[in-house]
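Student: Sequence plus the predicted model coming up.
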There are 2 protein chains.
Amino acid sequence: MSRRKSAPRPTDAELSILRVLWRCGPSTVREVHEQLSRERPMVYTTVLKLLQIMTEKGLVTREDAGRAHIYQAAQSEEYAQRTLVGDLLDRVFGGSAQKLVLQALTARKASPEELAEIRKLLDELEGGES
Amino acid sequence: MSRRKSAPRPTDAELSILRVLWRCGPSTVREVHEQLSRERPMVYTTVLKLLQIMTEKGLVTREDAGRAHIYQAAQSEEYAQRTLVGDLLDRVFGGSAQKLVLQALTARKASPEELAEIRKLLDELEGGES
DNA sequence: TGACAATTACGAAGCCCTTCGTATACAATG
DNA sequence: CATTGTATACGAAGGGCTTCGTAATTGTCA
């Protein structure tokens, strides 16, 4: 049966691979390795092994393409971001989105343009509220 | 010399202990264990071991009080929250606070009161901008 | 003092993550 | 067919996290 629950939280190494896949789209192991080596030196077979494990976990999917395999992220970047931020919300902020936003904006100064964007988002959220 | 760098990112189990210390203030192992057992069953000596390791890591400090030890979180809840949210910001959102806030508010609906609070924070941030 | 209760200290097992070396498969080429 | 280059598959080592059992320590009380 082996029914698979929702994909588990990715580890740091897995996340660095997912970032490459989100940025570059479906890629071979070699392509991922080349991109990754620029920021995080890693032997080819290590990337391969990680991708194999991530396939088992359901974090990526793979497709045969002749001799090689082509991997792609199983979830969109936005969906994964929502999951991870929701995780942090529960584990660290007791579910309070307000506190999280407050600490996020305190930790990193956002540009006036970004603040304006956030304000626009607030308008939409309040407007959509019944 | 053993100069200690900044305390490392706490693991999940460590975080659950920190939450107790933040909520209850300085506590003995027994007190932490009692609080913790309500949400996450854990044997007494496991809590003790974790606290000993967390002491080495610099996540908590301890003080002798007669027979027992009294532990307390080394960092304030707010400081730890800022560190962790900054971490997520870098690892998952490419440093964009805007995207993080957007996904946070999408992942969890905030109440109108909370949205108003966030709006107030935005006002302060823009006002303080030179 | 001796026995009991509570506490800390310590060691080891089991699991996962990460890394890498080596083996294997397979197509292209001479 | 043999060789070479490029893939994937696999196993194992090393380290960290979590768990728990057991030993050692210390205070209390009869």
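Tutor: Cool, got the structure.
Student: Quick check on A:Gln75: phi, psi?
Tutor: phi -120, psi 150 (degrees, to the nearest 10).
Student: Run through the neighbouring helices and strands of the lowest-mean-pLDDT helix or strand in chain A.
Tutor: Lowest by mean pLDDT, DSSP states H and E among the helices and strands of chain A is helix A:112-128, with a mean of 86. On a contact count with 3 or more C-beta pairs under 8 Å, 6 or more residues apart in numbering or on different chains; DSSP states H and E, helix A:112-128 meets helix B:97-107, helix B:112-128. Just so you know, the C-beta spots here come from the backbone N, C-alpha and C atoms, and that holds for glycine as well.
Student: right, so of the ones you listed, which gets closest to A:Thr106?
Tutor: Across the helices and strands packed on helix A:112-128, A:Thr106 has its closest neighbour in helix B:112-128 (8.7 Å, C-beta to C-beta).
Student: how far is that closest one from where the chain is centred?
Tutor: 23 Å (C-alpha atoms, centre = their mean, to the nearest Å).
Student: Next, the buried residues of that helix.
Tutor: B:Glu114, B:Leu115, B:Glu117, B:Ile118, B:Leu121, B:Leu122, B:Leu125 (16 or more other C-beta atoms under 10 Å in any protein chain shown).
Student: Give me the residues contacting that helix.
Tutor: For helix B:112-128, contacts defined as C-beta atoms under 8 Å, 6 or more residues apart in numbering or on different chains pick out A:96-98, A:101-102, A:105, A:109-110, A:112, A:115, A:118-119, A:122, A:125-126, A:129, B:110.
Student: Compute the inter-axis angle for that helix and helix B:97-107.
Tutor: 170 degrees (axes from the mean of the first three to the mean of the last three C-alpha atoms, to 10 degrees).
Student: how about A:Gln75, what does it touch?
Tutor: By C-beta under 8 Å, 6+ apart, the contact set of A:Gln75 is A:Ala7, A:Leu59, A:Thr83.
Student: What is the neighbour count of A:Thr11?
Tutor: 14 (other C-beta atoms under 10 Å in any protein chain shown).
Student: A:Ala13 touches A:Ile53, doesn't it?
Tutor: No. A:Ala13 is beyond contact range of A:Ile53, at 9.8 Å (criterion: C-beta atoms under 8 Å).
Student: would TSV of the helices and strands packed on helix A:112-128 with distance to DNA strand C be doable?
Tutor: Compiled in TSV, those are given as follows (distance: least, C-beta to the nearest atom of the strand, whole Å):
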stretch	distance to DNA strand C
helix B:97-107	22
helix B:112-128	33
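Student: Great, nothing more from me.
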